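Chemist: Next come a sequence and a model predicted from it.
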Amino acid sequence: MTALAGILQARIAATGPITMAQYMAECLLHPEHGYYSTRDPFGVAGDFTTAPEISQMFGEMIGLCLAQSWLDQGAPAAFTLAEIGPGRGTLMADILRATKAVPGFHAAASLLLVEASPVLRDVQRKTLAAYEVQWADELSALPDQPLWLVANEFIDALPVRQFQRDAHGWREVQVALKGGELSLGLSAAAPIALLQHRLADTRPGDIVEVCPAAAPVAEQVGAVIRDHGGAALFIDYGGWHSVGDTVQALRAHKMEDILASPGEADLTAHVDFETLALAAPCAHSVLTGQGVFLERLGITARAQCLATKLSGAALESHIAAHRRLTHPDEMGSLFKTLALYPDAGPPPPGFE
Ligand code: SAH
């Protein structure tokens, strides 16, 4: 049993069941025992691998996309270059390397990283030691100036509530105790105003997920883009609507029961991009597969260029990384990209 399992059992015994969102929040960000609060989870030795950790090409394409969008909006002389949930800082380092040759881009950019984990802030500080970087806990720290922002696999780490439809309304999925152990249960049925619009496309027994923190992210980022210009790229796994129970636990690259080891496994849920699009007070792009997006930005030409300097095992792994990022059987279709941009347009390159 993990330390956090004991803490949660005592809390539930004292004050009753907690929601899935409360459970996820404790597992991910409990100050002492939370998954992100206590470790650097990425890579072969960790629990999962993300696109920027697979190949430098991912960050290079994102960098070119952001810089071209900045040029398309008249290259404002001062802007915020922000990332939410920057992990090891690899994506931002690749963005900065790829955009070094864009005249004026670095000079105009103030770097802002929104990161909750002190352990990962330390890793980011080392990765980005060559640059002047500010950290923030919250998006409310965004300055009043144009904003170019990226968030890769951030929204999937935000806690979701789960509701099961029943004949009389919705029952909320809860983490309760059964025989002293953590166990999933359901609240009493109640009408939920938030889910009124899902009555049309669900049937009794279906599960719907709601991510309460997602809409405020799109609202805050979108308001800065509406008022000052810029663009935001949200890249994650998911779809246009939330579909059933998608909460999963990953530990040492293997799926496990979400209640098995609280605080020791990564918990994520599919991203419902419709929530982000509807909440943003500015234009949003068509939801675009990661593979198509990267291909439009020229990843194949970049892959060929890098390949000329490689041979043997390094070349094999480079070819596999390109495939992994773009192929529909790998991350190409499962992962999607949504851009926010000013109503006057244009959308960033890579989107229609
Ligand atoms: N973008 C990185 C990391 C993705 S993992 C990559 O692609 O490799 C999720 C990241 O979001 C981690 O850096 C984690 O610490 C951070 N994070 C999770 N919840 C957060 C929150 N509520 N506020 C700020 N950062 C958070």
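Modeler: Noted; the coordinates are in hand.

Chemist: is stretch 149-163 anywhere near the ligand?
Modeler: Yes - among the residues of stretch 149-163, 152-154, 157 lie within reach of the ligand under CB under 6 Å from any ligand atom. In short, each C-beta sits where N, CA and C put it, glycine included.

Chemist: next one: stretch 104-119
Modeler: Yes - counting by CB under 6 Å from any ligand atom, the ligand is contacted by stretch 104-119 at 114-117.

Chemist: out of those, which are inside strands?
Modeler: residue 114 (DSSP state E).

Chemist: Excluding chain neighbours, give the residue nearest to residue 123 in space.
Modeler: Leaving aside its sequence neighbours, residue 123 sits nearest to residue 88 (CB to CB, 6 or more residues apart in numbering; 5.0 Å).

Chemist: how far away is the one you found from residue 135?
Modeler: 14 Å (CB to CB, to the nearest Å).

Chemist: So those two - more neighbours on which side?
Modeler: residue 88 (21 against 15; other CB atoms under 10 Å).

Chemist: so the more buried one is in which element?
Modeler: Residue 88 belongs to no helix or strand when assigned by DSSP states H and E.

Chemist: For residue 308, give its distance to residue 101.
Modeler: Applying CB to CB, the value for residue 308 to residue 101 is 19 Å.

Chemist: same question, residue 149
Modeler: Counting by CB to CB, the gap from residue 149 to residue 101 is 22 Å.

Chemist: Quick check on the two: which one has the bigger neighbour count.
Modeler: Between residue 149 and residue 101, counted using other CB under 10 Å, residue 149 has the larger neighbour count: 24 against 9.

Chemist: That one: what secondary structure?
Modeler: strand (DSSP: H, G, I helix; E, B strand; the rest coil).

Chemist: Do I have it right that residue 235 meets residue 291?
Modeler: No - Residue 235 lies out of contact with residue 291 (CB atoms under 8 Å); the separation is 11.7 Å.

Chemist: These two: which is more packed in?
Modeler: residue 235 (28 against 23).

Chemist: Can you measure across stretch 154-161, start residue to end residue?
Modeler: 17 Å (CA to CA, to the nearest Å).

Chemist: circling back to that earlier point, from the residues of stretch 149-163 next to the ligand, pick the one nearest residue 95.
Modeler: Set against residue 95, the nearest of the residues of stretch 149-163 next to the ligand by CB to CB is residue 152 (10.7 Å).

Chemist: So what sits opposite the closest residue in space to the closest one that isn't next to it in sequence in the bridge?
Modeler: Excluding its sequence neighbours, the residue lying closest to residue 152 (CB to CB, 6+ apart) is residue 235, at 4.6 Å. Legend: beta-bridge partners of residue 235 under DSSP bridges are residue 152, residue 337.

Chemist: Tally up the residues packed near residue 324, please.
Modeler: Neighbours of residue 324 (other CB under 10 Å): 17.

Chemist: does the ligand sit close to the host helix or strand of it?
Modeler: Per DSSP H and E, residue 324 falls inside helix 312-326. No - applying CB under 6 Å from any ligand atom, one finds helix 312-326 separated from the ligand by no less than 11.9 Å.

Chemist: Would you state the strands of the stretch 1-150 of the chain in chain order?
Modeler: For the stretch 1-150 of the chain, the strands defined by DSSP state E, counting those that start in this stretch cover 18-19, 79-84, 109-114, 133-136, 147-152.

Chemist: And whichever residue of the stretch 251-352 of the chain sits closest to the ligand, how far from residue 178?
Modeler: Closest residue of the stretch 251-352 of the chain to the ligand, CB to the nearest ligand atom: residue 266 (8.0 Å). Distance, residue 266 to residue 178, by CB to CB: 25 Å.

Chemist: Compare those two and say which is more crowded by neighbours.
Modeler: More neighbours surround residue 266 than the other of residue 266 and residue 178, with 20 against 9 (other CB under 10 Å).
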